[in-house]
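Asks: I'd like to go over a predicted model; first the sequence, then the structure.
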Amino acid sequence: MSRSTAPASGTRLSLQARLLATVLGVMSVVWLAVAASTWYDTGHELDELLDAHLAQAAALLVTQRLDDLEGDNFPPPPTLHKYQTRVAIQVWHEGKLVVRSTNAPEASLASGDVPGLRTSMVEGDAWRVLTTPGREPDVVIHVGELESARHHILMASLRSIGLPMLLALPLLALGIWWAVRGAVRPLRALGQAVAARRPQALQPLSVQAVPPEVAPLVTALNGLFERMTELLESERRFTADAAHELRTPIAAIRMQVQVAQEAPSDAGREQALAATLQGCDRAARLVEQLLQLARLESEASYGEGPARPGPSSADMAAIARALVAEFERQVTARGQRLVLDAAAAVPSPLPAALAQVLMRNLIDNAVRYSPDGALVRISVCGSPEGGAGRLVVEDSGPGLTPDAMARLGERFFRVVGSPQTGSGLGWSIVRRLARLFELDLVVDRSAALGGLRVTVSWKQDGRVHQA
Amino acid sequence: MRILLAEDDELLGSGIKAGLTQKGFHVDWVRDGVAAERELLTGEHQAVVLDLGLPRQDGMDSLKAARARRIATPVLVLTARDAVSARIEGLDAGADDYLVKPVDLHELAARLRALVRRAHGQTQSRLTAGPVTLDPAAHQVWLDGAPVELSGREYDLLQVFMLNAGRVLSREQIEQHLYKWGTEVASNTVEVHIYNLRRKLRAELIETVRGVGYVLRRDSSPVA
C-alpha cells in the first residue's frame, strides 16, 4: 500500500513548526522590548539616584574650608560601602589640584569650571562629573564617578531578568511541541484510518471521536464517501444490468449457431445463419448503446460544469438528413416512410457527435416500434435569431399509454407486448443527453400522425455568446 | 416429447425451438408469462423451458401458480439471472433445473431428457420394457438387441408408452403427448401408428384395453 503523503513544498510548514516559530518569535520580541525598556528606565533611574549621590557628596565638600581639606588634615574617608571607592573627588584651587581621592586621576575630571552635571572623557575613561564652586573663591570641586560602574549595575539588573527568559524559551518550545503533538494526534489517527481503508469500505467515519476543529473535515469526508457509494452502486447496477441484457442476444447467437451446425437442410441452415447475424447486430447495437450511456453517465458524474462540451456550430438539419439516408434501407424494407421537414440550417445545442446520438436514438425508436408501412416524420426548426430551436420526431404507430410514457427511459424498460427487441437504453441515452444539455424533452401523442411524438426543444444558450 | 417453451426474445426463442426440434422434441412456444401459466396448467407437456423475465407476468409467478395447482410437469428455468439467490429462489419455487443463459443446445436437450425420465420414475437413461430398449439421447430403438427402424411419430408414440409403462393411456392422452397445438389429428391416426408399432415390434407388446385405451406392459415376457 502506498502511503499518500502530500508533496512537501518549500513554503509549507507543519502546524507544529508554524506554532513553534510564531510563539517563540513573539516571545523573543516581547522579551527584547522588556529588556530595552528596562535598560532605559533602570538607566534613567540609576542616573538620577547616583547623580543625587554625587550632589550629596559635593554638598558635604562645599561646606568644608579649604584648609580642612588640604594636606594631612584631610584623612582618607572610611570605606563604608563597596561602591564608595568609585566616587572620585578633586578639589582645585587657583588651577592647582590641591586635594584628590586616591581613585581620582591627576587630570581634571571636567574641562571647565562651569558648575553642573556632565559626562567627560578623562584618560580614556568616561566619567559622570558634578562640578561646583567651593566655599572659598577660586576653589572648584569635582565629584565624579566612572560611567562603567553605572553600566555594571545596569547590566547586573538586566541579567537578573534576562536569564530566566533565556531559560524559559527552550522550556516553552518543549511545551508547545508536546501540546501540538497531542492536539494533532486525532488528525494523524484519522489519516491512518482513511489510509488503511480498502477502496470498497465507504462507511462513514465517526464524528464523535474527533475534536470539534476536525469535525467539518470528517463530515466533508463522509459526504464524499456517500457520493462515492452512490456512484459505485450505480456502476455496479449498470454492469449487472448490462451483463444481464447482453446474455440474451449471446444465448440466441449461440443457439442459432448450433441449430445451423446441425441443420438437416440448406434452407434451415440459411435461416439459422441469418438469425445469427441478426443476433450479432443486436448485440453490437446494445454494446454501442451501453457505451454511449456509460460515457454520458461518467460525464454527468465527473464532468458537470466547465468540463461539459459546449454547443457547437453543427447543423441539426444536416445531421438529420444524413441519418434519414442512413435509415433509408431499413425503413424501405418494412414499407415505412421516413420524412424530413427541415428548411434552413439549425445550429445544434450540443456537439455534432452527440446530436447524432440523440437523433439516431429517437429515429431508431420511432422506426423500430412503428408497424410496417408506418410514417415517421422528423422536423427540425430554429428561431429566426438563432440559438433556440426544436426537433420533433413523430410517427403513425400505436403510441404509448400514459403509464408506459411515464416509465420511458427507465433502463431496460420495454413496452409490454412490443414485438420488437430493444433494451430501453435508447431512451435512457436521450434523457441523459437532455439533462446534460438542458434540453426540454416532451413525449405526447402526435396530433397529425396519431402515434408517439417526441419534442426536443432548446432555448437561446448564453454560453454561445460568452465563448 | 412435447415441450413448452416460454421465451419472449424472438431470436432466442426461434433458436431454441429450431434446436430442440432438431433433437426430436415437439416445441410449443409462448412469449409471455400469462400464456406460460395457462399452458402449464393444461399439464399436456412433458417438460417446460421457462424464461423468468417475461412480459405481462414474471416466469417465477407462472411457475409458482402452476405448482400451487399441483401441476407436476418438470420445469427447467432458463434465465439471465445468475445470482445464487435467484437460483435458490427459482429451485425453491418449484423449478427442477436452473440454467443461466447462454446455454448449449445439446446440454439443454440432455437436461430435458433427464427431467422427463426422472419425472416418470426412471433411473436409467435407456428405457426398457421386455425385449424393447429405447435410447432417448440416440433416438434409437432395439428389439432383442437388434436395431429397429421407426418413423418419427412411431418413435414418439413408443417413448410415450415406455415412459408410462404399465399405465393405461386413452387416445386423447396419447394425442396430447404427441401433437403440438394446431395440428389436425385424424381420428384414426393413433390407431394407425399403434398398428405399425405392433407390426415392427411385437403384436402383444401394446395391449388394447377395451373402452379405455392402450397399455404397454412393463415386463411383457417374451413369447415362448
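Replies: Noted; the coordinates are in hand.

Asks: only C-alpha atoms for contact and neighbour calcs from this point on.
Replies: Noted.

Asks: interface residues of chain B facing chain A?
Replies: Contact residues (C-alpha under 8 Å from any C-alpha of the partner chain) of chain B with chain A: B:9-13, B:15-16, B:18-19, B:22, B:55-56, B:80-81, B:101-105.

Asks: I'd like to know which of those residues are buried.
Replies: The neighbour-count test (16 or more other C-alpha atoms under 10 Å in any protein chain shown) marks B:9, B:11-13, B:15-16, B:18-19, B:22, B:55, B:80-81, B:101-103, B:105 as buried among the residues of chain B next to chain A.

Asks: Closest to A:V180 out of these?
Replies: For those, the closest approach to A:V180 (C-alpha to C-alpha) belongs to B:R81, at 57.0 Å.

Asks: so what's the closest one up against?
Replies: Applying C-alpha atoms under 8 Å, 6 or more residues apart in numbering or on different chains, we find B:R81 in contact with A:244, B:87, B:100.

Asks: In CSV: those residues, plus neighbour count.
Replies: Formatted as CSV, those follow (neighbours: other C-alpha atoms under 10 Å in any protein chain shown):
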residue, neighbour count
A:H244, 17
B:R87, 19
B:V100, 17
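
Asks: quick one: which of these sit in strands?
Replies: Residues of those located in strands (DSSP state E): B:V100.

Asks: Where does pLDDT dip in chain B?
Replies: B:182, B:219-224 (pLDDT under 70).

Asks: hmm, 80 instead?
Replies: Along chain B, segments meeting pLDDT under 80 span B:53, B:55-56, B:122-124, B:177-187, B:203, B:218-224.

Asks: Dump the helix ranked longest in it to PDB, restricted to CA.
Replies: The longest helix of chain B (DSSP state H) is helix B:105-119. Provided in PDB are the C-alpha atoms of helix B:105-119 (Å, rounded to 0.1, in the frame of the first residue of the first chain):
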ATOM      1  CA  LEU B 105     -28.300 -26.800 -27.200                       C
ATOM      2  CA  HIS B 106     -27.000 -30.300 -26.500                       C
ATOM      3  CA  GLU B 107     -26.900 -29.700 -22.800                       C
ATOM      4  CA  LEU B 108     -30.400 -28.200 -22.800                       C
ATOM      5  CA  ALA B 109     -31.700 -31.300 -24.700                       C
ATOM      6  CA  ALA B 110     -29.900 -33.700 -22.400                       C
ATOM      7  CA  ARG B 111     -31.300 -31.900 -19.300                       C
ATOM      8  CA  LEU B 112     -34.800 -32.000 -20.700                       C
ATOM      9  CA  ARG B 113     -34.500 -35.800 -21.300                       C
ATOM     10  CA  ALA B 114     -33.200 -36.300 -17.800                       C
ATOM     11  CA  LEU B 115     -36.000 -34.200 -16.400                       C
ATOM     12  CA  VAL B 116     -38.600 -36.200 -18.300                       C
ATOM     13  CA  ARG B 117     -37.000 -39.500 -17.300                       C
ATOM     14  CA  ARG B 118     -36.900 -38.700 -13.600                       C
ATOM     15  CA  ALA B 119     -40.500 -37.400 -13.800                       C
END
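
Asks: List the buried residues of that helix.
Replies: B:105, B:108-109, B:111-117, B:119.

Asks: Can you show me the strands along the chain?
Replies: The chain I'm using is chain A. Counting by DSSP E, chain A has strands at residues A:87-93, A:96-100, A:116-122, A:125-133, A:139-146, A:337-341, A:375-382, A:389-395, A:440-445, A:452-458.

Asks: You answered for a different chain; I wanted chain B.
Replies: Under DSSP E, chain B gives strands at B:2-6, B:26-30, B:47-50, B:75-79, B:97-100, B:127-129, B:132-135, B:140-143, B:146-148, B:206-209, B:213-216.

Asks: helices or strands next to the fifth one in the packing?
Replies: Meaning strand B:97-100. Packed against strand B:97-100, as judged by 3 or more C-alpha pairs under 8 Å, 6 or more residues apart in numbering or on different chains; DSSP states H and E, are the following elements: strand B:75-79, helix B:84-92.

Asks: rerun that using 10 Å as the cut-off
Replies: Applying 3 or more C-alpha pairs under 10 Å, 6 or more residues apart in numbering or on different chains; DSSP states H and E, one finds that strand B:97-100 contacts helix A:215-261, strand B:47-50, strand B:75-79, helix B:84-92, helix B:105-119.
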